[in-house]
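**Q** Predicted model and sequence below, questions to follow.
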Amino acid sequence: MTDHREVRAGDRDRERVAELLRVAVAEGRITLEELHERIDRAYTARTLGDLDEVVADLPVPGVPDPALPAALPAALPATPPAAVSPALPAVPHGDVLELHTVSGRIEQAGRWTVPARLSARAGRWGTVRVDFTRADCPHREVVLDVEITSWFGDIVVLVPRGWRVRDEDVVRRWMGAVHNHPSVPLAPDGVTVRLTGYVQTGDVWVRYRRPLT
């Protein structure tokens with residue numbers, strides 16, 4: 001009988017492992033950098049054994065699925081993540097604040113005044129971080145248009161608790177995902193951040209933080 005580890009992996013097997021990795025980063029088990037590195041390994045895996053090694057140290061939620069590679073007792077050493085270029089400044093464009101990067105990291109954080117519209121785009125290995133926790137926002141609603149076209153693109157949105165991020169207008173294509181779990185209802189003085197645009201294969205991560213003083 002053929003050892004399952006020698007069986008050739010298919011696209012469905014790779015996608016299941018990628019989803020398990022996304023759950024792991026949402027639960028805080030691995031970092032975004034580890035997610036990038038492991039998804040790269042998953043989508044270049046040739047056999048089920050190769051996929052086993054990617055998730056060897058992660059629990060498989062729920063009842064084990066026979067189609068999902070089983071975890072091994074120990075993981076092989078991970079290869080170092082790709083280098084991340086220094087953070088780049090945001091670029092104002094008319095009335096829209098543009099945070100666009102192809103493969104580096106760009107962020108908007110600290111004390112800043114929030115415009116009514118923002119645009120965030122991330123390419124391969126690109127990360128955009130938008131931190132509203134210390135920002136001054138004169139609007140009750142802000143539109144943030146997102147665009148990710150690579151497995152390794154991430155947009156991270158941090159808002160104070162009491163704000164609300166709505167993502168129903170974001171188009172998810174293929175394996176694109178928006179991870180958004182509001183912790184409390186919208187506060188009387190809270191701001192609504194409405195996400196628009198599309199996520200083809202990457203991830204948008206929404207985090208709710210306690211307001212900073």
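**A** The structure has been received and is ready for your questions.
**Q** Who does the strand or helix carrying Asp169 pair with, and is each partner parallel or antiparallel?
**A** Assessed by DSSP states H and E, Asp169 sits inside strand 164-172. According to DSSP bridges, strand 164-172 forms sheet pairs with strand 192-199 (parallel).
**Q** So what touches the strand it pairs with?
**A** By CB atoms under 8 Å, 6 or more residues apart in numbering, the list of residues contacting strand 192-199 from outside reads 132, 140-148, 157, 159, 163-167, 169-173, 176-178, 186, 204. Using the backbone N, CA and C atoms, a C-beta is placed for each residue, glycine as well.
**Q** Now the buried members of the residues you listed.
**A** Listed as buried from those are 132, 142-148, 157, 159, 163-165, 167, 170, 176-178, 204; burial here means 16 or more other CB atoms under 10 Å.
**Q** Among those residues, name the ones in strands.
**A** Among the buried ones among the contacts of strand 192-199, DSSP state E puts 142-148, 157, 159, 164-165, 167, 170, 177-178, 204 in strands.
**Q** The closest residue to Arg124 other than its chain neighbours in helix, strand or coil?
**A** Among residues not flanking Arg124 along the chain, Ser150 sits closest, at 4.1 Å (CB to CB, 6 or more residues apart in numbering). Secondary structure state of Ser150, per DSSP: H, G, I helix; E, B strand; the rest coil, is coil.
**Q** do you know how far Ser150 is from Asp52?
**A** 25 Å (CB to CB, to the nearest Å).
**Q** Neighbour count for the two, which is higher?
**A** The neighbour comparison of Ser150 against Asp52 (other CB atoms under 10 Å) goes to Asp52, with 21 against 16.
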